[in-house]
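K.L.:
Dropping a prediction and its sequence here:
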Amino acid sequence: MKGRTRMPACGRPRWGGSVRRRHPSRGRTALALLTMMATASGVALAAPAAADSSDALNGALTSSRSQTSCAQLQRDPLLQQTTDLVMKSTQEWLDFTARDVPVQDPMPVLKDLGYGGGTKVEVKMLQGAGTTEAASIHGLLLEGYKDIPSCSYSTFGSSGQYNDRSGFYLTVIILGGP
């Protein structure tokens, strides 16, 4: 390796510069320490916004659909279960714990769950991601600007969560029609 500088075992280049590496558990350790300190002092910390953003997502979907002459979308339990499975597969992919790529077509999952009963059904999956919940929902609504107002869809399932590893809010909506 003539002419190239090798990195020594200590992690610093030989030319005197430094390499900044972020330790993966440093942020979690600081959060755990902060939580312990706040608990010991009697101050309760609010839960991070990592829980579930379904209310904001459903509100945005309802608002987008209300601008048309179509009937309101109704929540479907099988579509909801499928969106939860899609979200889980995406979360596992981003956390490097997945055994397969994220679900890209919801129809095979829906058929396994018994959706449609052999009849031809129309299904559309919309996804969004953003550094804020609003940006994620906005991206999803932009992706579905033609499909959400369409009267051919009558049911839906939705899911929204925060991914700690990537720092992104993720949203998924699956629209279903007769």
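P.N.:
Yep, that arrived.

K.L.:
lowest-confidence helix or strand of this protein?
P.N.:
Of the helices and strands making up the chain, the lowest-confidence element is helix 26-41, at a mean of 40, by mean pLDDT, DSSP states H and E.

K.L.:
tell me which strands and helices the next helix or strand along the chain from that one is in contact with?
P.N.:
Elements were assigned by DSSP states H and E; along the chain past helix 26-41, the next helix or strand is helix 54-65. When contacts are defined as 3 or more C-beta pairs under 8 Å, 6 or more residues apart in numbering; DSSP states H and E, helix 54-65 sits against helix 133-143, strand 155-163, strand 168-176. Every C-beta, even on glycine, is put in place using the N, C-alpha and C of the backbone.

K.L.:
can we see that at 7 Å?
P.N.:
Counting contacts by 3 or more C-beta pairs under 7 Å, 6 or more residues apart in numbering; DSSP states H and E, helix 54-65 packs against helix 133-143, strand 155-163.

K.L.:
Can I get the helix ranked longest in the chain as PDB, trimmed to CA atoms?
P.N.:
Identified as the longest helix of the chain according to DSSP state H is helix 77-94. Included here for helix 77-94 are C-alpha records, laid out as PDB according to Å, rounded to 0.1, in the frame of the first residue of the first chain:
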ATOM      1  CA  PRO A  77     -59.800  -3.900  10.400                       C
ATOM      2  CA  LEU A  78     -57.900  -6.000   7.800                       C
ATOM      3  CA  LEU A  79     -56.500  -2.900   6.200                       C
ATOM      4  CA  GLN A  80     -55.500  -1.600   9.600                       C
ATOM      5  CA  GLN A  81     -53.800  -4.900  10.400                       C
ATOM      6  CA  THR A  82     -51.900  -4.700   7.100                       C
ATOM      7  CA  THR A  83     -50.700  -1.200   7.700                       C
ATOM      8  CA  ASP A  84     -49.400  -2.300  11.100                       C
ATOM      9  CA  LEU A  85     -47.500  -5.200   9.400                       C
ATOM     10  CA  VAL A  86     -46.100  -2.800   6.700                       C
ATOM     11  CA  MET A  87     -45.000  -0.400   9.400                       C
ATOM     12  CA  LYS A  88     -43.400  -3.200  11.400                       C
ATOM     13  CA  SER A  89     -41.500  -4.400   8.400                       C
ATOM     14  CA  THR A  90     -40.300  -0.900   7.600                       C
ATOM     15  CA  GLN A  91     -39.300  -0.300  11.300                       C
ATOM     16  CA  GLU A  92     -37.300  -3.600  11.300                       C
ATOM     17  CA  TRP A  93     -35.600  -2.700   8.100                       C
ATOM     18  CA  LEU A  94     -34.500   0.700   9.400                       C
END
